[in-house]
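> Next come a sequence and a model predicted from it.
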Amino acid sequence: MKKLIIISIFTAAAAGFISCSDVKRSPGRTYIPDMAYSRAYETYSVTEEQRQELLKQGIHFSNTPVPGTVKRGADYTFRLPKDSSARDSTNYVASKGIRNPISMLDSSAMKESERLYLINCGICHGAALDGNGPLHRGGEGPYAAKPRALVSDPITDNMPDGQMFYSVTYGKGAMGSYASQLNPTQRWMVIHYIKRKQAEKKATGSVGTQAASDTAATNPPGVTTSGETRPGSVIQKNN
């Protein structure tokens with residue numbers, strides 16, 4: 001009996017020692033192998049050649065959305081695609097006729113539009129919209145060429161909202177696209193903010209950096225009015 005106990009102890013110790021080894025003898029069984037060993041592709045990150053190869057294998061997740069698709073939760077759409085980098089491209093000219101769907105911003109939405117402008121646009125165009133942002137800084141910054149001013153400039157002052165939206169969406173000149181940084185609603189809000197500041201500049205000769213809080217103020221040039229009012233929203237539409 002004593003020998004049996006000793007043998008059992010030695011057997012258990014040997015089994016424990018072997019099981020604690022760092023040598024991986026078998027991965028065991030995987031319950032859901034497709035999830036455990038999935039292909040780590042990032043959506044839309046594959047090249048066209050890789051996409052075609054995946055399609056041959058019956059893998060379709062890397063396809064881009066169908067043109068005209070509106071993602072869930074999106075309020076506003078812009079149906080003109082980028083057709084050319086030329087200054088007078090067909091869709092760039094056609095964008096002049098597209099109006100800003102946001103007719104008015106309340107005080108909190110105006111502050112948000114100012115914040116979005118300062119984060120995404122102020123580095124080049126400046127907090128005062130004068131083209132003297134941190135990248136230029138009066139010629140002392142890293143960017144030698146002064147970005148275009150958004151106020152007191154004949155081109156930007158007279159640029160329609162839709163053409164501004166086209167430029168922000170697809171990029172224009174040295175400015176790249178901001179479609180990945182700002183969703184369509186945010187882009188329209190920033191344009192509304194710029195038009196508001198242009199109107200203030202024309203009226204008073206100066207542009208402040210603090211958003212106005214008067215929700216009943218007259219709409220600036222290029223900002224249109226339309227139908228309904230959505231209670232509880234920071235974006236209000238007046239009748």
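Thanks, I have the structure now. Residues are numbered from 1 along each chain as shown.
> doesn't residue 151 make contact with residue 125?
No - taking C-beta atoms under 8 Å as the definition, residue 125 is not a contact partner of residue 151, at 9.3 Å. For the C-beta atoms, the positions are set from N, CA and C on the backbone; glycine is no exception.
> These two - which one has more neighbours?
Higher neighbour count among residue 125 and residue 151: residue 125, with 26 against 21, using other C-beta atoms under 10 Å.
> Could you find the closest non-adjacent residue to the residue nearest the centre of the chain?
Nearest residue to the geometric centre of the chain (C-alpha atoms, centre = their mean): residue 181, 2.5 Å. Computed as C-beta to C-beta, 6 or more residues apart in numbering, the closest residue to residue 181 that is not its neighbour in sequence is residue 120, at 5.6 Å.
> ok, the one you found touching residue 182?
Yes - here residue 120 reaches residue 182: they are 6.2 Å apart, a contact under C-beta under 8 Å.
> what sits in contact with each of these two?
In terms of C-beta atoms under 8 Å, 6 or more residues apart in numbering, residue 120 and residue 182 are both contacted by the residues residue 190.
> Please identify which of these two sits among more neighbours.
The residue with more neighbours, out of residue 120 and residue 182, is residue 182; 20 against 17, by other C-beta under 10 Å.
> And the pLDDT for residue 183?
pLDDT recorded at residue 183 is 90.
> which residues does it contact?
With contacts taken as C-beta under 8 Å, 6+ apart, residue 183 has the following neighbours: residue 74.
> So what does it look like in phi/psi?
Dihedral pair for residue 183: phi -80, psi 170, per degrees, to the nearest 10.
> Can you tell me how far it is from residue 163?
19 Å (C-beta to C-beta, to the nearest Å).
> quick one: what helix or strand has residue 79 in it?
Here residue 79, judged by DSSP states H and E, is contained in no helix and no strand.
> Tell me how many other residues surround it.
For residue 79, the count of nearby residues is 9 (other C-beta under 10 Å).
> Give me the secondary structure label for the closest residue to residue 149 other than its chain neighbours.
Nearest residue to residue 149, sequence neighbours excluded (C-beta to C-beta, 6+ apart): residue 131, at 3.9 Å. Of the three states, residue 131 takes coil according to DSSP: H, G, I helix; E, B strand; the rest coil.
> Can you name the residues that contact residue 131?
The contact partners of residue 131, taken as C-beta under 8 Å, 6+ apart, are 124, 125, 146, 147, 148, 149, 150, 153.
> which non-adjacent residue is nearest the first one?
Ranked by C-beta to C-beta, 6+ apart and with sequence neighbours excluded, the top spatial neighbour of residue 124 is residue 147, at 4.1 Å.
> Which of the three states applies to the one you found?
Here residue 147 is recorded as coil under three-state DSSP.
> Which pLDDT value goes with it?
For residue 147, the predicted pLDDT is 91.
> Tell me where the protein has helices.
Per DSSP state H, the chain carries helices over the ranges 2-19, 33-36, 48-56, 90-94, 107-120, 122-125, 154-157, 161-170, 184-204.
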